[in-house]
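# The following block contains a protein sequence and its predicted model.
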Amino acid sequence: MRPLILSLLFVTTTGSLDGTALPTLAADQETPKVERGEEIQNARCTTACHDRRPIDVQALDEAGWKKEVDSMIEKGAKVENDDVPILIAYLVRNHGPLPDGPGKDIVLTICTQCHDLQRVRRQRSSAEGWAEILDTMLNEGAPLSSEDFPVVLRYLARNFRPG
Ligand code: HEC
């Protein structure tokens with residue numbers, strides 16, 4: 001089951017499975033026409049939510065993800081050679097780099113708790129618009145402190161503005 005690839009990668013490093021107990025990845029035969037990376041993402045929440053956290057809170061470029069994946073494989077993660085570039089491309093597309101600056105870490109840790117970061121990256125708003133969105137997120141229950149609020153607001157308004 002390919003959707004397990006990502007979970008396996010990270011389960012291995014968190015040590016909750018010892019390397020020898022990894023199940024064999026069976027080839028999926030009747031896969032519907034869904035992007036393979038998306039299949040992997042679909043494993044979220046149904047298999048191992050917590051094991052996805054280390055991915056969600058990172059924003060790396062291709063070299064960064066390649067290093068990460070290589071190190072997982074070194075530690076015993078079973079990823080077929082052909083799957084490695086697909087996995088890396090998927091990670092870069094969905095968990096690619098974010099602009100540096102104050103607020104980045106907060107966005108990575110807080111804004112990934114209920115939805116993925118694509119939700120945030122896709123959005124373009126003025127400062128007023130972002131303030132409204134952040135208010136909505138607070139109403140949804142986002143654990144954003146009053147201290148962090150202006151930092152995140154400045155970060156988003158600067159890096160994700162219209163045009
Ligand atoms: C407690 C859960 C939760 C957290 C944490 C959270 N969100 Fe959301 N977010 C939601 C929900 C639920 C929606 C969907 C709301 C809807 O579709 O009406 C959403 C939707 C969004 C959208 C899309 C809004 C739109 O109009 O399409 C953006 C942008 C967004 N969130 C940004 C953020 C940012 C930035 C953070 C971090 C500060 C964050 N979210 C943290 C729950 C959360």
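All right, it came through fine.
# gap between I73 and E62?
Between I73 and E62 the distance is 16 Å, computed by Cβ to Cβ, to the nearest Å. Every C-beta, even on glycine, is put in place using the N, C-alpha and C of the backbone.
# I misspoke; the intended subject was R122.
If you measure R122 against E62 using Cβ to Cβ, the figure is 21 Å.
# And this structure, what are its domain boundaries?
The record assigns the chain these domain ranges, following automatic domain parsing: 4-95, 104-159.
# Considering these, which stretch scores lowest in mean pLDDT?
With a mean of 67, domain 4-95 has the lowest mean pLDDT of the domains of the chain.
# And R122 and E62? Which one has more around it.
Ranked by neighbour count (other Cβ atoms under 10 Å), R122 and E62 place E62 first, with 14 against 8.
# these two touch, right, the more buried one and L87?
No: contact criterion Cβ atoms under 8 Å: E62 and L87 do not qualify, at 11.5 Å.
# Near the ligand, which residues of the protein? Just list them.
110-111, 113-115, 119-120, 123, 133-134, 137, 140-142, 144, 152, 156 (Cβ under 6 Å from any ligand atom).
# what residues are up against L60?
Counting by Cβ atoms under 8 Å, 6 or more residues apart in numbering, L60 touches E68, L91, V92, H95, G96, P97.
# at 6 Å what do you get?
Going by Cβ atoms under 6 Å, 6 or more residues apart in numbering, L60 touches no other residue.
# Take the residues of the chain next to the ligand and, keeping just the buried ones, write it as a ChimeraX select command.
For selection in ChimeraX, the members of the residues of the chain next to the ligand meeting the burial criterion (16 or more other Cβ atoms under 10 Å) are listed in this command:
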select :110,111,120,133,134,137,142,144,152,156
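# Where strands are concerned, which of the residues of the chain next to the ligand count?
Mapping the residues of the chain next to the ligand onto strands (DSSP state E) picks out no residues; all lie outside.
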